[in-house]
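>>> Model the following, please.
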Amino acid sequence: MPKNKAFFENLYRKYNRRGLVSPDPLEFLHRWDNTADREIAALLGACFAYGNVKAIIKNLNLLFSRMPSPHDYVLASTPARLKKDFAGFKYRFTTQDELCRFLLSVRDILKKYGSLEKCFKSGLDKNDENVCRALAHFARCLRARGEVGTLVPDPDKGSALKRLNLFLRWMVRQDEVDPGGWRVAPRLLIVPLDVHMHRCARALGLTQRNAADMKTALDITRSLAEFCPEDPVKYDFCITRFGIRPDMDEKTLTGKSAGKKFSSRRRRA
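Next up is the predicted model:
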């Protein structure tokens with residue numbers, strides 16, 4: 001069911017609204033006005049954006065209760081302090097040790113580069129057509145302290161790196177929904193791809209690929225770039241609200257049955 005530019009622009013005008021954000025980890029980002037805190041909060045919010053949305057929100061409330069300033073907290077972290085502050089931590093597949101290693105990797109990045117943004121941009125070349133290379137570099141830096149489980153997938157295994165692409169969307173784009181803060185060209189972004197977005201994209205004629213991998217994410221992004229080359233990922237939020245919010249049925253978006261309705265209680269897998 002191929003759609004045209006007018007279709008997607010209409011979706012953006014109607015549904016890319018702050019009032020439709022909840023329930024979503026994105027709602028936490030608007031707590032912090034400065035980029036230094038927001039980029040840490042966004043990274044945690046995105047990396048833990050898997051599972052039941054109520055559990056995600058509860059978990060993030062716990063994490064942020066320990067760090068009024070995420071930047072200052074992480075920068076001052078030590079293994080002993082993290083072990084004490086997150087004793088017994090467990091979120092689905094993520095253990096206390098994995099969380100601590102992850103936060104220490106973030107601390108190392110801040111000490112070496114000064115910010116997450118500078119670390120990411122150190123892997124970006126002016127001739128790059130997208131963020132693929134920089135994203136892989138960034139993921140390797142976040143995994144530098146050792147195994148972090150599902151928080152950051154191995155970029156060398158073909159993962160679509162959905163949650164890191166979601167993090168980039170939040171930090172690079174700036175409109176009523178995405179708070180922004182980073183100076184990276186939105187045209188380089190890649191659609192955050194999961195099973196929900198994949199299903200919607202296939203129904204909308206944005207891809208014919210069957211695997212929800214990086215190649216498919218790039219394929220969908222190229223299709224959306226035909227409608228908005230300077231900011232193709234602008235349509236991601238309004239497309240994926242359908243089937244997540246109880247008042248936005250996925251069939252309304254696609255114009256036909258898309259199989260079993262995606263539960264509004266679950267975050268994009």
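>>> Going along the chain, name the helices of the stretch 101-250 of the chain.
For the stretch 101-250 of the chain, applying DSSP state H, counting those that start in this stretch gives helices covering 116-122, 132-142, 162-172, 195-203, 214-225, 236-241, 250-254.
>>> Format these as a markdown table; extra columns: mean pLDDT, distance to residue 18 and mean neighbour count.
(Each C-beta comes from the backbone N, C-alpha and C, glycine too.) A markdown table is the format used below for the helices of the stretch 101-250 of the chain (pLDDT from 0 to 100; distance: least, Cβ to Cβ, whole Å; neighbours: other Cβ atoms under 10 Å):
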| stretch | mean pLDDT | distance to residue 18 | mean neighbour count |
| --- | --- | --- | --- |
| helix 116-122 | 98 | 23 | 19 |
| helix 132-142 | 96 | 27 | 20 |
| helix 162-172 | 97 | 13 | 25 |
| helix 195-203 | 92 | 21 | 20 |
| helix 214-225 | 97 | 22 | 21 |
| helix 236-241 | 92 | 10 | 24 |
| helix 250-254 | 76 | 20 | 18 |
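>>> want to throw the ones you listed into TSV with distance to residue 57?
Shown next, in TSV, are the helices of the stretch 101-250 of the chain (distance: least, Cβ to Cβ, whole Å):
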stretch	distance to residue 57
helix 116-122	23
helix 132-142	23
helix 162-172	16
helix 195-203	18
helix 214-225	26
helix 236-241	17
helix 250-254	22
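>>> Which of those helices sits closest to residue 44?
Ranking the helices of the stretch 101-250 of the chain by proximity to residue 44 (Cβ to Cβ) places helix 162-172 first, at 9.3 Å.
>>> So what touches the closest one?
26, 29, 38-39, 42-43, 45-47, 49-50, 117, 120, 131, 135, 138-139, 152, 178-182, 184-186, 189-194, 217, 233, 236-237, 268 (Cβ atoms under 8 Å, 6 or more residues apart in numbering).
>>> From the centre of the protein, give me the residue that's furthest out.
Centroid-distance maximum for the chain: residue 80 at 29.2 Å, with Cα atoms, centre = their mean.
>>> quick one, phi/psi of that one?
The phi/psi pair for residue 80 (degrees, to the nearest 10) reads phi -70, psi -40.
>>> which among the contacts of helix 162-172 end up buried?
26, 29, 38-39, 42-43, 45-47, 49-50, 117, 120, 131, 135, 138-139, 152, 178-182, 184, 186, 189-194, 217, 233, 236-237, 268 (16 or more other Cβ atoms under 10 Å).
>>> can you list the weak-confidence ranges in the stretch 1-150 of the chain?
The stretch 1-150 of the chain contains residues with pLDDT under 70 at 1-2.
>>> Which residues are in contact with residue 48?
So residue 48 contacts 25, 56, 59-60, 63, 91, 94, 151 (Cβ under 8 Å, 6+ apart).
>>> give me that answer again for 10 Å
Contacts for residue 48 were tallied using Cβ atoms under 10 Å, 6 or more residues apart in numbering; they are 25, 55-57, 59-60, 63, 91-92, 94, 99, 102, 150-151, 163, 267.
>>> With residue 63 instead?
Residues near residue 63 by Cβ under 10 Å, 6+ apart: 28, 41, 44-45, 48, 70, 73, 85-86, 89, 91, 99, 103.
>>> distance of the residue positioned nearest the centre of the chain from residue 126?
By Cα atoms, centre = their mean, the chain has its centre lying nearest to residue 166, at 1.9 Å. Remark: distance between residue 166 and residue 126 (Cβ to Cβ, to the nearest Å) = 25 Å.
>>> Name all residues that make contact with residue 57.
Contact analysis of residue 57 by Cβ under 10 Å, 6+ apart lists 22-25, 27-28, 45, 48, 267.
>>> Then residue 59?
Contact partners of residue 59, counting by Cβ under 10 Å, 6+ apart, are 25, 44-45, 48, 51-52, 89-92, 94.
>>> and of the residues you listed, the nearest to residue 198?
Nearest to residue 198 out of those is residue 51 (Cβ to Cβ; 18.3 Å).
>>> Tell me how many other residues crowd the closest one.
17 (other Cβ atoms under 10 Å).
>>> Hmm, it is touching residue 60, no?
No: checked against Cβ atoms under 10 Å, the pair residue 51 and residue 60 is beyond contact range at 11.6 Å.
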